[in-house]
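Enquirer: Here is my input; please provide its structure:
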Amino acid sequence: MFRLRACLAVVLGASALLASCGDSDDGIATVVMGDVSSPAYEALSGLLRTGGAVEDARLLIVDGDARGAGALVDDPVIQAHLAKGGVLMLADAKAAHKQADMVGLARASHPGDSHAVLIRRGLDRNGRPEIFMLEFPVQAGQQEASQSELRLFRLAVPTFMNPPVRQVGSFNPPAGLLYVVFNFSIPTQSIGLGATYGGDDSQNTPQHTSGVWTYKYTLLLENGQVATGDRQFLVIESQVDASPINQALGTTAMAANKSGSGFSTSNMGWFQVQLAAQIKPDNPANFQYQTDGPQNANQTTQVTTGVQFAMNFAEPFGGGTNNFTYNDSESQDLTAWEVVNATNGAIGSWTWINQDPWMYNDPSRWDGYGFGGGLHGIGEFREPNNLALSQLVSDARIVYATPSVLSDIETFDHLTTIIYLNVWDKGGGVKSATGGMQIHNIWSIDMSAVLPIPIASITFSANPVSVKTTNQVTGTVTLQSPAKVDTPVLLKSNSLNASVLASVTVPMGQSSADFQVLINGNNIGSGDSTVATIQAYAGFGLQTQLTITN
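Expert: Predicted coordinates for the structure are as follows:
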């Protein structure tokens with residue numbers, strides 16, 4: 001899954017940051033369209049190299065305040081930039097901008113105002129459309145971004161521009177399966193927890209925590225009976241990399257120092273003891289729960305998050321109906337944590353709980369020495385276990401099916417809560433306090449993005465074509481309407497005298513794409529000809545004939 005962690009450990013500073021993420025030392029090639037006045041844009045100072053040509057830019061920046069809602073979706077410069085794999089950043093994006101423009105440009109959106117939103121389009125490793133969005137939302141009741149938020153946004157942008165190599169899961173789709181992948185992320189989130197032991201420690205600086213949120217939506221079409229689709233499946237994955245420290249904001253270690261056989265009672269830092277996640281559709285009547293993961297409580301050293309379900313799909317080129325089993329999973333080390341999936345009581349709800357922050361492989365100590373204790377013996381602190389002090393990677397997945405084909409915008413809520421614990425003793429007995437970090441994200445996707453568009457025609461630059469004058473001809477496949485996403489069209493020829501590639505992609509917003517047909521005169525007698533049947537398939541199939549003469 002796409003993760004933002006890859007470049008977060010580098011120091012601030014343009015050259016070091018960019019070099020670590022694969023960019024040149026002189027910055028990301030950027031073109032600014034019109035006037036831009038935005039703290040989010042200013043936060044990227046030193047990372048960008050502006051002033052070049054639009055066709056050479058990797059990043060295109062537009063100010064939402066300078067454009068009306070809906071002005072971007074039909075802009076030919078923006079469409080061409082995204083079509084070549086460039087990144088678009090809309091600074092000061094209002095909710096109206098995102099509804100009118102982001103859905104049109106990326107088939108997805110994050111409702112509400114944003115300091116900035118970045119989108120990128122492309123194809124996944126299987127040649128299917130994949131869309132990426134980095135959202136820098138305006139927090140409720142806070143119109144201006146804080147300096148720490150801007151600093152973390154600055155770190156997130158180069159990683160979004162140069163994503164790390166993602167893990168290849170077990171999902172291996174057949175050629176005819178139609179699906180679209182959406183990847184959503186936000187900059188690293190952090191809260192500053194007050195000083196230790198009750199908040200009156202003047203010697204220690206605040207402890208900054210961190211959380212990296214990434215979301216992956218895989219929208220699949222079941223079309224075994226009807227070409228336009230029988231129903232859709234949606235796999236939603238929510239992953240959080242949580243840590244009680246944040247190196248980017250200066251917290252490199254917890255304030256937890258040992259003194260002799262126990263801890264110094266004046267230096268116990270905050271550590272994480274619980275993470276809860278929920279995934280809910282806004283319109284539950286439109287979605288039927290299928291499965292989810294992780295599914296069972298787990299008190300061992302590893303938990304596997306996996307989902308599996310069966311669906312029908314149409315084989316390309318009139319091959320009939322076939323059955324496909326979606327199966328994808330990932331394992332995470334969760335030493336000393338217990339995973340509780342509350343699906344039986346509340347669909348799409350999980351909790352990761354530290355079994356005992358001070359447990360030394362002794363399950364019997366899950367008692368009063370837990371959250372509020374932490375005593376190894378009378379009056380002696382114990383060191384929290386490793387995951388209480390470091391990183392927890394939580395991975396939750398849920399699968400929905402629609403009762404019938406949906407073509408509207410559907411919205412999903414993600415709520416994550418992380419609980420931190422502080423323990424101290426100033427001579428009056430052991431005391432504890434809790435702090436929390438809650439992130440609420442809402443993502444909307446266009447369910448019609450996976451629905452196929454009929455193929456209107458297949459034409460050739462010459463037909464018939466003579467092998468005496470050329471060895472190739474240009475074919476054009478045309479859809480009945482512009483593609484809503486980058487649309488792969490499978491190609492097939494029944495003749496050894498006319499060779500085609502396996503597929504061609506119709507770019508989003510366009511209706512046609514060209515492909516080359518390599519021809520030869522093998523086994524065609526002088527003065528004779530042969531007819532090749534060229535087939536195209538993208539949910540709907542069409543074929544036409546090409547005459548080759550010798």
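Enquirer: Give me the neighbour count for Q332.
Expert: Neighbour count for Q332, taken as other C-beta atoms under 10 Å: 17. The way it works is simple: take the backbone N, C-alpha and C, and place the C-beta from them, glycine included.
Enquirer: So what are the sheet partners of the one helix or strand it maps to and their directions?
Expert: Q332 is part of strand 321-333 when elements are defined by DSSP states H and E. Paired strands of strand 321-333, with direction, are strand 302-314 (antiparallel) (DSSP bridges).
Enquirer: Only alpha carbons, please: show the strand it pairs with as PDB.
Expert: The C-alpha trace of strand 302-314 is given here as PDB (Å, rounded to 0.1, in the frame of the first residue of the first chain):
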ATOM      1  CA  GLN A 302       1.700 -11.100  14.400                       C
ATOM      2  CA  VAL A 303      -1.700 -10.400  12.900                       C
ATOM      3  CA  THR A 304      -2.800 -10.900   9.300                       C
ATOM      4  CA  THR A 305      -5.200  -8.500   7.700                       C
ATOM      5  CA  GLY A 306      -6.800 -10.300   4.700                       C
ATOM      6  CA  VAL A 307     -10.000 -10.300   2.700                       C
ATOM      7  CA  GLN A 308     -11.300 -12.800   0.200                       C
ATOM      8  CA  PHE A 309     -14.500 -12.900  -1.900                       C
ATOM      9  CA  ALA A 310     -15.700 -14.300  -5.200                       C
ATOM     10  CA  MET A 311     -17.200 -12.400  -8.100                       C
ATOM     11  CA  ASN A 312     -18.100 -13.000 -11.800                       C
ATOM     12  CA  PHE A 313     -16.700 -11.200 -14.700                       C
ATOM     13  CA  ALA A 314     -17.000 -11.200 -18.500                       C
END
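Enquirer: rewinding a little: got the buried residues for the strand holding Q332?
Expert: Judged by neighbour count (16 or more other C-beta atoms under 10 Å), strand 321-333 contains these buried residues: 324, 326, 328-330, 332.
Enquirer: same deal with stretch 225-243?
Expert: Buried residues in stretch 225-243, counting neighbours by 16+ other C-beta under 10 Å, are found at 229-243.
Enquirer: Looking at those, which are in helices?
Expert: When those are checked against helices (DSSP state H), there are no matches.
Enquirer: which residues does L501 contact?
Expert: By C-beta atoms under 8 Å, 6 or more residues apart in numbering, the residues touching L501 are 491, 515-516.
Enquirer: and those as CSV, adding distance to F287, neighbour count and secondary structure?
Expert: Converted to CSV, the contacts of L501 look like this (distance: C-beta to C-beta, whole Å; neighbours: other C-beta atoms under 10 Å; DSSP: H, G, I helix; E, B strand; the rest coil):
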residue, distance to F287, neighbour count, secondary structure
L491, 35, 21, strand
F515, 38, 18, strand
Q516, 43, 14, strand
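Enquirer: between the buried residues of stretch 225-243, which is closest to T487?
Expert: Checking these against T487 by C-beta to C-beta gives G229 as the nearest, at 14.6 Å.
Enquirer: Quick check: pLDDT value at G141.
Expert: Model confidence at G141, given as pLDDT, is 72.
Enquirer: how close does it get to V450?
Expert: As defined by C-beta to C-beta, to the nearest Å, G141 lies at a distance of 37 Å from V450.
Enquirer: swap in N522?
Expert: The value you get for N522 to V450, if C-beta to C-beta is used, is 40 Å.
Enquirer: Thanks a lot, see you next time.
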